[in-house]
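1. can't give you the sequence, but here's the structure:
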């Protein structure tokens, strides 16, 4: 009987192993080895990554791991924290903090242009829902970090407080549950706060039709952590009840250019990153949005990923909005002055979330 | 040596090849596989492998031929010097990337996190030659037997450190069987789940705790951190030793390793013995016993000092190992001096004192800078600001399951169940064993696909 049990154990063990090994090598091929080899430092890393990526039922295994760990009480998976109803990206407080350096670049930009500059540092979900996250992850200090950054700003730069409106609306759907980004609602709250300081009255929410672009969206945090208990997100877009003011959108990348008639790109809903429905995310270093508001002011936005969701709201006030992504400029080895002249604009608005802003090492392109 | 490629590709391919290879070629296959494992980690690791094998084999013969003469001592000295050099130059821990060169402020010779086998092969090589010098056995003339013993790749991670006399017959005549294979896969899976579920979780706990500055570290959190690190420290070695025994068992070789229960210890000496039995045996046989000749107090203190210090370096040639070993030497010396009064204390009180002191000195092993360790220890006694402790409840909730499992294993539950023959019912065992092994395989696969770290950290 013992021998039988031993034989069954060994045969079953190796049968399962060989079955999965053969399946990984010959029946998967989701990711090619060449692609992985390009992005890996060593062949060994590429091999390991190839096996993991092409392992049969990869997402099921990962989901099983996370759900088991959540059941065992674990709440943190790498930089993702699981609260009762959402996933929150934790701030990387081990990394180098570039806040002061980046503020200095923005001060320098202000010194070199006559256009008034506004700056909005938005909190992330980690900051707004910091009460749900243990103190040791350092998420609680976002308000202080934002204020410290604002204190370093030149007097000519007007700071916009996005923390308070978002924190006040924290019980509403202002941040995605599975993505490190604010929702259209969250962006709207920040818009109402900022547009007043920019000199306009905000457009009332009643003037928009809400459209569910995707009701089953699982963002990058979910794809990393695979926690089954978190509800999928809904991507909502706000369309003006009247004629949309946007007439043309022009996008400029390092290798391609694109033209469209709307700020919403439904094609992105078929891609892995569905939030790219807003101006195709961060693919292009410069985006020009033209509207039918003749003689309206022109806005230059120095933007991070949070700006894509808020930009559609500003189209109601400007004749032209130019969005420049300093990260993409850096990657293309270009400077701000290579793509726009800041003096051509009536206002300049810098929009970043505080975490991205403090880790960014690309603001030198502004000077 | 425990990532998903190893489990799903190396393991079946190697085991299959090993089982079908004729007996004469089996040793060469093991050597080749060992070299392959080293090259996979970092090709420079082939240098210590070659040095340890060649020095062990050649000096072994020379020592055997000249052991009655002064030349024998000279060869033994050379053998020790060569292997100590190989150990110092090529042993690097993944925990803090420390090695001898970085300790001297120089650039490390190895690129990878840890050069595989560089902590085990020199110890095998030295043990082999010292035993020949001591007339324990004669020098082995078959090169592949000595080479396989010195570079027996399943032990490359954390040992266990083997003795040649116990291994020789098994290396020459391995007897693979379904029974040994079943034991092998069982131990392999138990070792792997210990690494992935307990050791990694305790390492995470430690890192969560050290994210808080010592100035604001609450007392309970500090003690939890120290307990977490102690468990990580034990389970890292235990898990890899278990996997090594499993792999060896698949080859029909019994390394004779049982899961020790360190929390059953009553003294620091017992704690060290149970925390890493093979390293304890090695340092006792080849360092402690070599110094401890006349049995007086001074030589005993010297013997403890050298054996503990050198055993400490096995966990990484860095300041933290030196500091931890120094703290351990003080504890063991005090324990020796106060042997009689301690024996009069009730066992539970002795036990509490032991665990308390072990946790107090544990930060020395964790911090590369002694001042940081001292700050941490101060926080354990209220040196930090502990007015608002929100982290302890989080840590307890987040890590309670692996921590409790770890504590149960550390108390020697596996050994107890084995002794009590709890699962001795033949029919029950027939069903439980395959289900248990497959369940562990599924769990380990889920952990590995999810990207859990599987590198040996010391």
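-> Done, it's in. Model, not experiment: these values are computed from the prediction.
2. which helices and strands sit right next to the helix ranked longest in chain B?
-> In chain B, taking DSSP state H as the definition, the longest helix is helix B:219-250. Applying 3 or more Cβ pairs under 8 Å, 6 or more residues apart in numbering or on different chains; DSSP states H and E, one finds that helix B:219-250 makes contact with helix B:11-20, helix B:178-193, helix B:200-210, helix B:268-275, helix B:347-361, helix B:363-366, helix B:370-380, helix B:391-410. Quick note: C-beta positions are derived from backbone N, CA and C, even for glycine.
3. Quick one: work out the angle between it and helix B:178-193.
-> Orientation check (axes from the mean of the first three to the mean of the last three Cα atoms, to 10 degrees): helix B:219-250 against helix B:178-193 gives 160 degrees.
4. Now do helix B:219-250 against helix B:347-361, angle only.
-> Using the same axes, to 10 degrees: helix B:219-250 against helix B:347-361 is 100 degrees.
5. Mean confidence (pLDDT) on helix B:219-250, please.
-> Helix B:219-250 comes out with an average pLDDT of 91.
6. Tabulate the helices and strands packed on helix B:219-250 (CSV), appending mean neighbour count.
-> Formatted as CSV, these follow (neighbours: other Cβ atoms under 10 Å in any protein chain shown):
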stretch, mean neighbour count
helix B:11-20, 16
helix B:178-193, 24
helix B:200-210, 22
helix B:268-275, 20
helix B:347-361, 15
helix B:363-366, 25
helix B:370-380, 19
helix B:391-410, 19
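7. could I get those as JSON lines with mean pLDDT and distance to residue A:350?
-> Formatted as JSON lines, these follow (pLDDT from 0 to 100; distance: least, Cβ to Cβ, whole Å):
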{"stretch": "helix B:11-20", "mean pLDDT": "91", "distance to residue A:350": "54"}
{"stretch": "helix B:178-193", "mean pLDDT": "90", "distance to residue A:350": "50"}
{"stretch": "helix B:200-210", "mean pLDDT": "91", "distance to residue A:350": "34"}
{"stretch": "helix B:268-275", "mean pLDDT": "86", "distance to residue A:350": "56"}
{"stretch": "helix B:347-361", "mean pLDDT": "88", "distance to residue A:350": "50"}
{"stretch": "helix B:363-366", "mean pLDDT": "90", "distance to residue A:350": "42"}
{"stretch": "helix B:370-380", "mean pLDDT": "89", "distance to residue A:350": "39"}
{"stretch": "helix B:391-410", "mean pLDDT": "87", "distance to residue A:350": "35"}
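8. mind giving me CSV with these and columns for distance to chain A?
-> Output for these, formatted as CSV (distance: least, Cβ to the nearest Cβ, whole Å):
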stretch, distance to chain A
helix B:11-20, 5
helix B:178-193, 4
helix B:200-210, 6
helix B:268-275, 25
helix B:347-361, 20
helix B:363-366, 17
helix B:370-380, 13
helix B:391-410, 4
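9. Is residue A:287 part of a helix or strand, or is it coil?
-> strand (DSSP: H, G, I helix; E, B strand; the rest coil).
10. Report the contact partners of it.
-> A:249-252, A:279, A:322-323 (Cβ atoms under 8 Å, 6 or more residues apart in numbering or on different chains).
11. Name the helix or strand of chain A that has the lowest mean pLDDT.
-> Ranked by mean pLDDT, DSSP states H and E, the weakest helix or strand in chain A is helix A:33-39, scoring a mean of 71.
12. Wondering if it reaches chain B at all.
-> No - on the criterion Cβ under 8 Å from any Cβ of the partner chain, helix A:33-39 is out of touch with chain B, staying 12.8 Å away.
13. Distance from that helix to the middle of the chain?
-> Offset of helix A:33-39 from its chain centre (Cα atoms, centre = their mean, to the nearest Å): 25 Å.
14. With stretch A:186-197 instead?
-> So, by Cα atoms, centre = their mean, the centroid of stretch A:186-197 is 18 Å from its chain's centroid.
15. No more questions from me, cheers.
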